[in-house]
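> Just to be clear, the model below is a prediction. Sequence and coordinates:
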Amino acid sequence: MSTPAIEVNGLQKRYGDKTVLDGVDLSVEAGTVTALLGPNGAGKTTTVHILSTLVRPDGGTAAIDGCDVVANPTGARAAIGLTGQFSAVDTLLTGEENLMLMARLRHLGAKASRARTAELLERFDLVEAARTPLATYSGGMQRRLDLAMTLVSAPSVLFLDEPTTGLDPRSRHTMWDIVRELVADGTTVLLTTQYLDEADELADRVAVLDNGRIVAEGTPAELKRRVPGGHIRLSFADATALAAASALLDDSTPDEASLTLSVTGSEDFGALRTVLDRLGDARLEPTDLSIHTPDLDDVFFALTGTKGNLS
């Protein structure tokens, strides 16, 4: 088997008397997206900072493309790019100047710097604004430039620490498309986010971090199956039909104000057919039907006791 792009074993970090990470284990395959979820203070950003060699762990090991972040930080840094929660662009420079500065810091050389800058401006749709001051850039444009600067050295592993915080819905979807393109090209992404729909959209696997520990890990679909909450919702034309259906169906909860009936545990096809057959036998016909399955918001709440922040 190939070496994981990110391998974490027993990672520990303390600040004074506070334990931030308490034995975190995580393995991320190359060319995939793993979303690290957790409430504020769970240790997400600390994990990213350790993996990006900005913070030294107190225990355990962490490696990027086989390079230990403590024993071989130079090798680890050569493989990674980091886009943090807040934009790192220089607002006194133009977009082109920001990219050229980063290319020079990466020692690409004058010719390679110009070529890489032109390539990234084109890829991130910033050509027209390349030579204008960053004061004229929207928040979405600045975040795209921030990510472009991270990619100057073409890292194989990319850390995105809440990359779409504060962006409008259109800009968020643009960033999602960019991340998908990067992964399709082979980049490995570790994403931390408070937006659970973002994790659902992008992640191949999700790890839930709470109180410094990974409390659950799996694909989004696997995690959703672990929590209750699936139900069908039936609408009726009047209160009489609603009451009759409620009396007929077990595990049902009527809402007289909206004339709807929620039936738990009936979201799979077989159970749904049974419900409809029983209503048909009683000559009760709903005016509308919808199926509701648990989402990552339900997973987050069930595992951490904290309601997720959905945009």
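Sure, I can see it.
> contacts and neighbour counts: CA atoms only from here.
OK.
> center of the chain - which residue?
The residue lying closest to the centre of the chain (Cα atoms, centre = their mean) is Ala199, at 3.0 Å.
> residues contacting that one?
When contacts are counted by Cα atoms under 8 Å, 6 or more residues apart in numbering, Ala199 is found next to Ala35, Leu191, Thr193, Val206.
> if you set the cut-off to 7 Å instead, what comes out?
By Cα atoms under 7 Å, 6 or more residues apart in numbering, the residues touching Ala199 are Ala35.
> check which helix or strand covers it.
helix 196-202 (DSSP states H and E).
> With Val263 instead?
strand 260-264.
> Need the mean per-residue confidence for that strand.
Strand 260-264 shows an average pLDDT of 89 in the prediction.
> After that strand, which helix or strand is next? Please name it.
Counting by DSSP H and E, what follows strand 260-264 is helix 269-281.
> which one is Val206 nearest to, not counting chain neighbours?
Ala35 (4.8 Å; Cα to Cα, 6 or more residues apart in numbering).
> Work out the sheet partners of whichever strand or helix holds that neighbour and label each with its direction, please.
In this structure, Ala35 sits in strand 33-37 according to DSSP H and E. Take DSSP bridges as the rule and strand 33-37 pairs in its sheet with strand 188-192 (parallel), strand 205-210 (parallel).
> Contacts made by the longest one with the rest, please.
Outside of strand 205-210, the residues that reach it under the criterion Cα under 7 Å, 6+ apart are 33-39, 42, 214-220, 304.
> I'd like to know which of those residues are buried.
33-39, 42, 214, 216-217, 220, 304 (16 or more other Cα atoms under 10 Å).
> Flag the least confident of those residues.
Thr304 (77).
> which SSE is the closest residue in space to Leu303 that isn't next to it in sequence in?
Excluding its sequence neighbours, the residue lying closest to Leu303 (Cα to Cα, 6+ apart) is Val215, at 7.1 Å. Under the criterion of DSSP H and E, Val215 resides in strand 213-218.
> what's the angle from that strand to strand 33-37?
Here the directions of strand 213-218 and strand 33-37 differ by 140 degrees (axes from the mean of the first three to the mean of the last three Cα atoms, to 10 degrees).
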